[in-house]
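Enquirer: Let me see the structure of the following:
(chains A and B)
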There are 2 protein chains.
Amino acid sequence: MNAPFDLDRWIPAQLAAVEHALDAWVSIATTADMGHQAPADLMAAMRYAVQGGGKRLRPLLVLAAAQATGAPVGTEAPLRAACSTELIHAYSLVHDDMPCMDNDVLRRGKPTTHVQFGEAVAMLAGDALQALAFELLTPDVSVISAAQQARLCRLLSRAAGCAGMAGGQAIDLASVGLRLTEAQLRQMHRLKTGALLQASVMMGAACGDASAQAATALQTYGAAIGLAFQVVDDILDVTADSATLGKTAGKDAAADKPTYVSLLGLPGARGYARKLHGQALVALAGSGLADVQVLQALADRVLDRSC
Amino acid sequence: MNAPFDLDRWIPAQLAAVEHALDAWVSIATTADMGHQAPADLMAAMRYAVQGGGKRLRPLLVLAAAQATGAPVGTEAPLRAACSTELIHAYSLVHDDMPCMDNDVLRRGKPTTHVQFGEAVAMLAGDALQALAFELLTPDVSVISAAQQARLCRLLSRAAGCAGMAGGQAIDLASVGLRLTEAQLRQMHRLKTGALLQASVMMGAACGDASAQAATALQTYGAAIGLAFQVVDDILDVTADSATLGKTAGKDAAADKPTYVSLLGLPGARGYARKLHGQALVALAGSGLADVQVLQALADRVLDRSC
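Expert: Alright, predicted model coming up:
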């Protein structure tokens, strides 16, 4: 009998690879293409925005989906795809923290990028991180096949853009102080955080060899996990303290932002998170994939996380 | 004997196609992928930023290079590539105009995007325009081959990022009030405007069938044209009036920004622009391409433009 799968051993091994790759790829050397060289201060701001942790949930989802769909071990596609999702996430935090958006001065206990480097450099660092995400996905075709590059760029651009993350942030901005319906709140979160989390799963699958059945199942899994993540975020905003969260608790309520807790109440939000978790597991069970234990364990972790 | 080539007939025909495509592609319908829909106010800001003219030099360079390298007529790759370069350019103007950067309230006689829509929406619109550029390059592979998609995304991401446009803007920011050497000024402009202009030429060539010789020649042509464009910009800043330019003349000097005129003097800057123009024409002559008259005429236009 096999030992039960231990996510707490799997995650650190993956994170070591992701952190190492991010350090290597967010550097001057990588981007010196066409004989051009990036300025050191901009690169410093980009590295600052990317370093300093976070859960790296998007890269983990990419790597888990790549593993589940049999992406060849030792190829760069999953790691590049993983890092590209984190660069998009990191840039969105830099821009989101700026004075014209959320005006946050601290993130994960460190000064935000614009506090550290000034607003202009922070905005440019965010812009350059988005471009770098697509640079990572388009190395020489000997590293990632053209077909995979095209598919990965397709998924990432749509998840990041106006019908994805940026669109969700625009809805979020416009929703402060409004009373949203559950459908409107869901639409906002599907775009703002859900699209990139779902794309992470699908990008992992694009590195492997997913049947149409598996691809559809993973799309459903990704959508459910993406929304569950946000529902849990809303729950933690009212149940956890700031020290545990690493950010200001109760912020959404203070900002009069609509949340799943304000809409459904705490028990209702918890029930909805469990329901989404169940949808994710059912999708995996119907995927036809043999090795879904990492994706299952990540779904559990999204539901049970305490920060 | 053939009639001499008339750029003033070629340009309007190309622009009609580009404007029509931009209108169609910067719309909610295009981006409704994965069942998501972009919010209307964000799309309105994106359209506002893209409409309202400009020379569309980047799209014209894409289309001219595609034509010179024999890109099949009627395929979408050149037009998608052309529009993608304009979206990157448009987003850079939106972010550049914001209070934390140049703090401009007017562009081409209209309120800038952040004045019209607010800073937060403007920042998100810029972010989403960058993503949309990569969306345009990654349609179904029946529209553009995966190999071309990969190549186009590769060129565009590097031209836009930290070792391209965003990097150049960071150097520009850091250079105000400094006395740069000519090498430093050239490096700044190669990144800030040159990289995207050069990439436009190379993206056009990626839509066609360029030999290694032709690709190298077009790379040289693009670099020369890209730098010449900036030198002429610096000249016009001191010789043209604001009405002709459609923007504030004398702005660089007022902002104490280093320019080719401040560095080389007016005659020196004019001589340098002519030299770069000559380099571009020599490169074309050695390209082995039969049909370079549009690229030649665009090089002339870059040198002789009055606004």
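Enquirer: which residues sit in contact with residue A:153?
Expert: A:134, A:137-138, B:134, B:137-138, B:149-150, B:153 (CB atoms under 8 Å, 6 or more residues apart in numbering or on different chains). Quick note: C-beta positions are derived from backbone N, CA and C, even for glycine.
Enquirer: Turn those residues into TSV, including secondary structure, pLDDT and distance to residue A:20.
Expert: As requested, the contacts of residue A:153 are arranged in TSV below (DSSP: H, G, I helix; E, B strand; the rest coil; pLDDT from 0 to 100; distance: CB to CB, whole Å):
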residue	secondary structure	pLDDT	distance to residue A:20
A:134	helix	98	21
A:137	helix	98	18
A:138	coil	97	21
B:134	helix	98	26
B:137	helix	98	30
B:138	coil	97	28
B:149	helix	98	29
B:150	helix	98	25
B:153	helix	98	25
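Enquirer: Which strands or helices does the strand or helix carrying residue A:227 pack on?
Expert: Per DSSP states H and E: residue A:227 is located in helix A:212-239. Judged by 3 or more CB pairs under 8 Å, 6 or more residues apart in numbering or on different chains; DSSP states H and E, helix A:212-239 is in contact with helix A:57-68, helix A:182-189, helix A:195-207, helix A:251-254, helix A:260-285, helix A:293-304.
Enquirer: I'd like to know which of the ones you listed is closest to chain B.
Expert: Closest approach to chain B among the helices and strands packed on helix A:212-239 (CB to the nearest CB): helix A:195-207, 6.3 Å.
Enquirer: Now the closest one: average pLDDT?
Expert: Over the span of helix A:195-207, the pLDDT mean works out to 98.
Enquirer: which parts of that helix are buried?
Expert: A:195-207 (16 or more other CB atoms under 10 Å in any protein chain shown).
Enquirer: Give the residue spans of the stretch 51-200 of chain A that score low on pLDDT.
Expert: Along the stretch 51-200 of chain A, no part satisfies pLDDT under 70.
Enquirer: Spell out the residue ranges of the strands in it.
Expert: A:106-107, A:110-111 (DSSP state E, counting those that start in this stretch).
Enquirer: what comes into contact with the first one?
Expert: Strand A:106-107 is touched from outside by A:52, A:93, A:97, A:112, A:247, with contacts defined as CB under 8 Å, 6+ apart.
Enquirer: which residue is nearest the centroid of chain A?
Expert: For chain A, the residue nearest the mean C-alpha position is residue A:58 (3.7 Å; CA atoms, centre = their mean).
Enquirer: Out of the strands of the stretch 51-200 of chain A, which is closest to residue B:288?
Expert: Nearest of these to residue B:288, taken as CB to CB: strand A:106-107 at 53.7 Å.
Enquirer: Starting from the closest one, tell me which strands it pairs with and how they run.
Expert: Sheet pairing here is set by DSSP bridges, and for strand A:106-107 it gives strand A:110-111 (antiparallel).
Enquirer: Show me how far stretch A:185-199 is from its chain's centre.
Expert: 10 Å (CA atoms, centre = their mean, to the nearest Å).
Enquirer: CA atoms only: put it into PDB for me.
Expert: Provided in PDB are the C-alpha atoms of stretch A:185-199 (Å, rounded to 0.1, in the frame of the first residue of the first chain):
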ATOM      1  CA  LEU A 185     -20.500  39.400  -6.900                       C
ATOM      2  CA  ARG A 186     -19.700  36.000  -8.500                       C
ATOM      3  CA  GLN A 187     -19.000  37.700 -11.900                       C
ATOM      4  CA  MET A 188     -16.600  40.100 -10.200                       C
ATOM      5  CA  HIS A 189     -14.700  37.400  -8.500                       C
ATOM      6  CA  ARG A 190     -14.700  35.100 -11.500                       C
ATOM      7  CA  LEU A 191     -12.800  37.800 -13.300                       C
ATOM      8  CA  LYS A 192     -10.700  39.400 -10.600                       C
ATOM      9  CA  THR A 193      -9.200  36.300  -9.100                       C
ATOM     10  CA  GLY A 194     -11.000  33.300 -10.600                       C
ATOM     11  CA  ALA A 195      -9.800  33.800 -14.200                       C
ATOM     12  CA  LEU A 196      -6.100  33.600 -13.400                       C
ATOM     13  CA  LEU A 197      -6.500  30.700 -10.900                       C
ATOM     14  CA  GLN A 198      -8.500  28.800 -13.500                       C
ATOM     15  CA  ALA A 199      -6.000  29.700 -16.200                       C
END
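Enquirer: near chain B at all, it?
Expert: Yes. Against chain B, stretch A:185-199 shows contacts by CB under 8 Å from any CB of the partner chain at A:187, A:190-191, A:195, A:198.
Enquirer: thinking again about what came up before, ranking the strands of the stretch 51-200 of chain A by burial, who's on top?
Expert: strand A:106-107 (a mean of 16; mean count of other CB atoms under 10 Å in any protein chain shown).
Enquirer: hey, where'd the helices end up in the stretch 51-200 of chain A?
Expert: A:57-68, A:77-97, A:113-117, A:119-137, A:146-160, A:165-175, A:182-189, A:195-207 (DSSP state H, counting those that start in this stretch).
Enquirer: angle of the helix holding residue A:227 against helix A:293-304?
Expert: For helix A:212-239 against helix A:293-304, the angle by axes from the mean of the first three to the mean of the last three CA atoms, to 10 degrees is 20 degrees.
Enquirer: and the gap between residue A:197 and residue A:209?
Expert: 22 Å (CB to CB, to the nearest Å).
Enquirer: wait, doesn't residue A:297 sit right on residue A:9?
Expert: No. Applying CB atoms under 8 Å, one finds residue A:297 not in contact with residue A:9, separated by 10.7 Å.
Enquirer: Neighbour count: these two, which is higher?
Expert: For residue A:297 versus residue A:9, the count of surrounding residues by other CB atoms under 10 Å in any protein chain shown is larger for residue A:297: 18 against 9.
Enquirer: Run a quick neighbour tally on the residue nearest to the more buried one when sequence neighbours are not counted.
Expert: Counting by CB to CB, 6 or more residues apart in numbering or on different chains, the nearest residue to residue A:297 once its immediate chain neighbours are dropped is residue A:7, at 4.1 Å. Residue A:7 sits with 16 neighbouring residues when counted by other CB under 10 Å.
Enquirer: per-residue pLDDT, residue A:7?
Expert: 94.
Enquirer: so what's it up against?
Expert: A:294, A:297-298, A:300-301.
Enquirer: Is there a neighbour count for residue A:286? I'd like the number.
Expert: Neighbours of residue A:286 using other CB under 10 Å come to 14.
Enquirer: Once you drop chain neighbours, what's closest to it?
Expert: residue A:217 (5.5 Å).
Enquirer: Which residues are in contact with the one you found?
Expert: A:283-284, A:286-289.
Enquirer: and of those, the nearest to residue A:63?
Expert: residue A:289 (14.8 Å).
Enquirer: quick one: the closest one and residue A:214 touch, right?
Expert: Yes. The pair residue A:289 / residue A:214 is scored as a contact, 5.2 Å apart, by CB under 8 Å.
Enquirer: Overlap in contacts, these two.
Expert: Residues touching both residue A:289 and residue A:214 by CB under 8 Å, 6+ apart: residue A:69.
Enquirer: Ramachandran angles for the residue lying closest to residue A:76 once chain neighbours are set aside?
Expert: Excluding its sequence neighbours, the residue lying closest to residue A:76 (CB to CB, 6+ apart) is residue A:143, at 5.3 Å. Dihedral pair for residue A:143: phi -90, psi -50, per degrees, to the nearest 10.
Enquirer: Alright, I will stop here.
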